[in-house]
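A.B. asks: The following comprises the amino acid sequence and a computationally predicted model.
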Amino acid sequence: MDMTRDFLNGILEQAAPHEIDYSGRKFTDKDMTALPRAITASALDTSTLTSVVDYITSQADDAALNGTGKFIVHVVGHNCVKLYKELNADKKRDSLVSATIDGCKFPFGQFMSVEQFIINLQSLFVQGESTASLLEFIGSVQDDTAVKQQDDGVTQRVTAKSGVSLAKSVPVPNPVYLRPFRTFAEIEQPESAFVFRVRKDEQRGVTAALFEADGAAWKNEAILEIKDFLKSQLLEDVIILA
């Protein structure tokens, strides 16, 4: 009996789908998947905005794309830009370029040794007056044998012993405005506010940390800067979404 049922089911599976009318709608008795009329491209992975501009202006793959449809640049975020073509006959898009970068590697919100803080501040931020002031201060509190601090919630004052009997009082700026490397190199790195804190750790001595204090508003600024850069480099018929 089971063999007969399996045999009949096998015949039904090989049969062509049948169209069924039900409540004014048409159904088929089999799942059907439409074959694509146009094959879509997969994206090239890059890490610069220039690569997106070069792909468009050099007319790369123009013959394969038949030169039809406008380019669409989607600024996904401060660290991601994607290039597409307009919808094809199957209502799908060619994904041409995906430009992405890694985020800022500075460990915000974490206390670290003075030495590590200095290295990170010099290598992961645009250097300027703010970074110079911060480096000057943090260099004055390297001796972790005697540190006093006064804090009123706005300005923190640390007294660092710089010799056997010599001590100096140095104000800590708060908030401090810095430009970390956290978006594409072709645009100006957005400036934002950070809360700078120092404290004494029993094992590591003086430690320092930076806490983000702008509610990630810099991300919107970066997206608009990316859009402005692309508009200045591309023709008007390129659609830019941000």
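C.D. replies: In hand now; what should we look at?
A.B. asks: Against which helices or strands is the helix ranked longest in the chain packed?
C.D. replies: Ordering each helix of the chain by length in residues (DSSP state H) puts helix 217-233 first. Under the contact criterion of 3 or more Cβ pairs under 8 Å, 6 or more residues apart in numbering; DSSP states H and E, helix 217-233 touches helix 49-57, strand 71-77, strand 239-241. No exception for glycine: its C-beta is placed from N, CA and C like everyone else's.
A.B. asks: Take those and write them to CSV, including mean neighbour count and distance to residue 105.
C.D. replies: Shown next, in CSV, are the helices and strands packed on helix 217-233 (neighbours: other Cβ atoms under 10 Å; distance: least, Cβ to Cβ, whole Å):
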stretch, mean neighbour count, distance to residue 105
helix 49-57, 18, 20
strand 71-77, 19, 17
strand 239-241, 13, 29
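A.B. asks: What's the first helix or strand after the worst-scoring helix or strand of the chain on mean pLDDT?
C.D. replies: Lowest by mean pLDDT, DSSP states H and E among the helices and strands of the chain is strand 167-172, with a mean of 56. Next helix or strand after strand 167-172 toward the C-terminus (DSSP states H and E): strand 176-178.
A.B. asks: any idea of the mean pLDDT in that next one?
C.D. replies: Computed over strand 176-178, the mean pLDDT rounds to 94.
A.B. asks: got a list of contacts for it?
C.D. replies: Residues from elsewhere that reach strand 176-178 (Cβ atoms under 8 Å, 6 or more residues apart in numbering): 125-126, 130-131, 133-134, 191-196, 210.
A.B. asks: which among the residues you listed end up buried?
C.D. replies: Among the contacts of strand 176-178, those classed as buried by 16 or more other Cβ atoms under 10 Å are 125, 130, 131, 134, 192, 193, 194, 196, 210.
A.B. asks: pLDDT and secondary structure added to the contacts of strand 176-178, as CSV?
C.D. replies: Formatted as CSV, these follow (pLDDT from 0 to 100; DSSP: H, G, I helix; E, B strand; the rest coil):
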residue, pLDDT, secondary structure
125, 96, strand
126, 96, coil
130, 90, helix
131, 92, helix
133, 86, helix
134, 89, helix
191, 95, coil
192, 94, strand
193, 95, strand
194, 95, strand
195, 94, strand
196, 92, strand
210, 95, strand
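A.B. asks: Surely residue 120 touches residue 108?
C.D. replies: No. Contact between residue 120 and residue 108 fails when scored by Cβ atoms under 8 Å: they sit 10.1 Å apart.
A.B. asks: Settle it for me: which of the two has more neighbours?
C.D. replies: Ranked by neighbour count (other Cβ atoms under 10 Å), residue 120 and residue 108 place residue 120 first, with 18 against 11.
A.B. asks: Can you get me a residue count around the closest residue to that one other than its chain neighbours?
C.D. replies: Sequence neighbours aside, residue 106 is the residue nearest to residue 120 in space, at 5.3 Å (criterion: Cβ to Cβ, 6 or more residues apart in numbering). Per other Cβ under 10 Å, the neighbour tally for residue 106 reads 21.
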